[in-house]
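**Q** Build me a model:
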Amino acid sequence: MVDNFTSTPAPSLPPKTIIHVYGGTQGSGEQRMLQLVVANEQEKYHHVIIDLGRNAPSTPLFERMAEAGQCHYIPLCLEPDAIGANSVMLSKKIAECRPDIIKGWAYPGNAYALLAGQKLQRQRNAPAILLRLSNPEILDDEQALAEQMKDKWKKAAYHAIAISDEVAANYIGMGMPQERIRVIYNGVDSDKYNPREHALHRFKSRNALGISDHVRLIGLVARFDPQKGIEDFLDAARLLHETPGFEDVHFVLIGNGQDSGNPILQQWIADRGLDSVMHCAGARDTMPQLYHALDINTLSSRSEAFGNAIIEAMACGVPVVATDVGMTKAMLGDTGAIVQAGNPASIADGWKSLFSRPKTVAEPLAKEGVERVRSQFNFATTLQRYIDYYDSIVLSRRKVAMQPFP
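**A** Prediction:
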């Protein structure tokens, strides 16, 4: 798999166009999946991104696509009475690109993809609408939009992809018809995330972090967000640090906002007396290598649709302690430890249980985790399922287009 965008000359018969309306945050799993899909599928479909700019600066991929005229920025007005104006502005930009599919990513991206797409449905060859569903993170300033969407989920014409069975159930509970939803799990690029050259990656990554090789190291890979249970992680770290035999364990926070420039985070660390053992690495573009620096990866989230950091670590052969949210049980199986969400003592106990595993147990389970990801959460499989779904949507759209226009 590739992770960069290369602009190629347009063929004589251009591929079908997909407009991706992205409404998520910087560094999220949604953003990483969007970038993987766009970077790895450029033969059958021409991709254009519309970034709604929700707390999110650009990424290198988005910037390169912008230079090629394939990424546009439309920051939304967040006032409740601006929903209609936002939808009209977005529909005009979409119409300029003449897409075959409008695909919404992350709330409010999928909501606005539906609203804007509906405004184009009376046109001949109107684009199909496809929504990629994860658990909606509805902010206070988006409540008016959420209220307006209740009837839209039930009545509008669209297709939907849910990233887990739980997410599908959540949207069905919000009024979305079950028959419109197809479940397609996220996947990991095993060409990048794998256990190969573990010792070399471990040495280089720890050297970059300033952590010696003999230190036991626990990581949290997540953006700075209350949903991610960061204070629970820190409280668990304090409990472990105060436990005899574990005083020398170090911890590293990796992700957007998890750095020394975050005064709130630094105060939390100081309040818990963890300054000497807590490392704040911030956002990194070398995650496939950084996972090898960890002895344990952690997911401490209080809610989670999928948890990409779980399968990324597993693919590298790193054991995981994860809170019992979303799909964590189905993802981990018996390879790691499932703990109670919002319970720092439970997280600390999970770490202790993994540290207590003898090599004769730990190594086979690590290999099982690698194979589990390869067989069930492989990005190549995920991408092919996406393409197959795109193809079926385009085919059904052609059949509609052949019917008399009212």
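
**Q** What's the end-to-end length of stretch 294-307?
**A** 17 Å (CA to CA, to the nearest Å).

**Q** Could you number the chain from 47 rather than 1 from now on?
**A** Will do, 47 is the new start, and the previous item becomes stretch 340-353.

**Q** Distance from the chain centre to it, please.
**A** Mean-position distance between stretch 340-353 and its chain equals 12 Å (CA atoms, centre = their mean, to the nearest Å).

**Q** List the buried residues of it.
**A** The neighbour-count check on stretch 340-353 (16 or more other CB atoms under 10 Å) flags 340, 341, 342, 343, 344, 345, 346, 347, 350, 351, 352, 353 as buried. All C-beta atoms are positioned from the backbone trio N, CA, C, and that covers glycine.

**Q** same thing with stretch 373-381?
**A** By neighbour count with 16+ other CB under 10 Å, stretch 373-381 contains the buried residues 373, 374, 377, 378, 381.

**Q** Quick one: which of these has the lowest pLDDT value?
**A** Least confident entry in the buried residues of stretch 373-381, by pLDDT: residue 373, with 90.

**Q** Not counting sequence-adjacent ones, nearest residue to that residue?
**A** Computed as CB to CB, 6 or more residues apart in numbering, the closest residue to residue 373 that is not its neighbour in sequence is residue 210, at 4.8 Å.

**Q** what do you get for residue 284?
**A** residue 318 is the one closest to residue 284 (CB to CB, 6+ apart), at 4.4 Å.

**Q** For stretch 284-295, measure first residue to last.
**A** Stretch 284-295 stretches 11 Å from its first residue to its last (CA to CA).

**Q** how distant is that stretch from the center of its chain?
**A** With CA atoms, centre = their mean, you get 32 Å for stretch 284-295.

**Q** just to revisit the earlier point, quick one: the buried residues of stretch 373-381 as CSV, columns for distance to residue 63 too.
**A** Formatted as CSV, these follow (distance: CB to CB, whole Å):
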residue, distance to residue 63
373, 32
374, 36
377, 34
378, 39
381, 41
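
**Q** okay if I get those as CSV plus secondary structure?
**A** Shown next, in CSV, are the buried residues of stretch 373-381 (DSSP: H, G, I helix; E, B strand; the rest coil):
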residue, secondary structure
373, coil
374, helix
377, helix
378, helix
381, coil
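
**Q** For stretch 250-266, what is the distance to the chain centroid?
**A** 25 Å.

**Q** For the stretch 47-196 of the chain, give me the ranges with low pLDDT.
**A** Applying pLDDT under 70 to the stretch 47-196 of the chain picks out residues 47-60, 100-104, 182-189.

**Q** thinking again about what came up before, just flag the most distant two among the buried residues of stretch 340-353.
**A** 341 and 351 (26.7 Å; CB to CB).

**Q** ok, now which ones touch the closest residue to residue 323 other than its chain neighbours?
**A** In this structure, residue 323 finds its nearest non-sequential neighbour in residue 296, 4.8 Å apart by CB to CB, 6+ apart. Applying CB atoms under 8 Å, 6 or more residues apart in numbering to residue 296 gives the contacts 257, 261, 262, 263, 264, 323, 324, 325.

**Q** and which of the residues you listed is nearest to residue 195?
**A** residue 264 (39.6 Å).

**Q** can you confirm that closest one is in a helix?
**A** No: counting by three-state DSSP, residue 264 is located in no helix; its state is strand.

**Q** So the residue nearest to residue 284 is in contact with residue 281, correct?
**A** Yes: between residue 318 and residue 281 there is a contact under CB atoms under 8 Å: 7.0 Å.

**Q** Between those two, tell me which one has more neighbours.
**A** residue 281 (20 against 17; other CB atoms under 10 Å).

**Q** domains of this structure?
**A** Split into domains by automatic domain parsing, the chain comes to 62-233+425-447, 244-422.

**Q** longest helix anywhere in the protein?
**A** Under DSSP state H, the helix in the chain containing the largest number of residues is helix 425-447.

**Q** What helices and strands are in contact with that helix?
**A** strand 62-68, helix 75-86, strand 147-151, strand 174-179, strand 205-208 (3 or more CB pairs under 8 Å, 6 or more residues apart in numbering; DSSP states H and E).

**Q** The same query, at a cut-off of 10 Å, please.
**A** strand 62-68, helix 75-86, strand 91-97, strand 147-151, strand 174-179, strand 205-208, strand 227-229, helix 405-422 (3 or more CB pairs under 10 Å, 6 or more residues apart in numbering; DSSP states H and E).

**Q** hey, which of these is tucked in deepest?
**A** strand 147-151 (a mean of 28; mean count of other CB atoms under 10 Å).

**Q** after that strand comes which helix or strand?
**A** Following strand 147-151 in sequence order, the next helix or strand is helix 155-164 (DSSP states H and E).

**Q** Who are the packing partners of that following helix?
**A** Secondary-structure packing of helix 155-164 (3+ CB pairs under 10 Å, 6+ apart): strand 62-68, strand 91-97, helix 129-143, strand 147-151, strand 174-179, helix 189-201, strand 205-208.

**Q** Name the residues that touch the next helix or strand after the last one?
**A** Using DSSP H and E, the next helix or strand after strand 205-208 towards the C-terminus is helix 211-219. Applying CB atoms under 10 Å, 6 or more residues apart in numbering, the contact partners of helix 211-219 are 156, 177-182, 199, 206-208, 210, 222-224, 226-229, 231, 350-352, 371-373, 376.

**Q** please redo it, this time with the cut-off set to 8 Å
**A** 179-181, 199, 206, 208, 224, 227, 229, 351-352, 372-373.

**Q** what do you get for stretch 399-416?
**A** Contacts of stretch 399-416 (CB under 8 Å, 6+ apart): 240-241, 262, 292, 341-342, 360-367, 378-383.

**Q** Now a ChimeraX select for only the buried ones of the residues you listed.
**A** Here is the ChimeraX selection string for the buried members of those, based on 16+ other CB under 10 Å:
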select :240,241,292,341,342,360,361,362,363,364,365,366,367,378,381,382,383
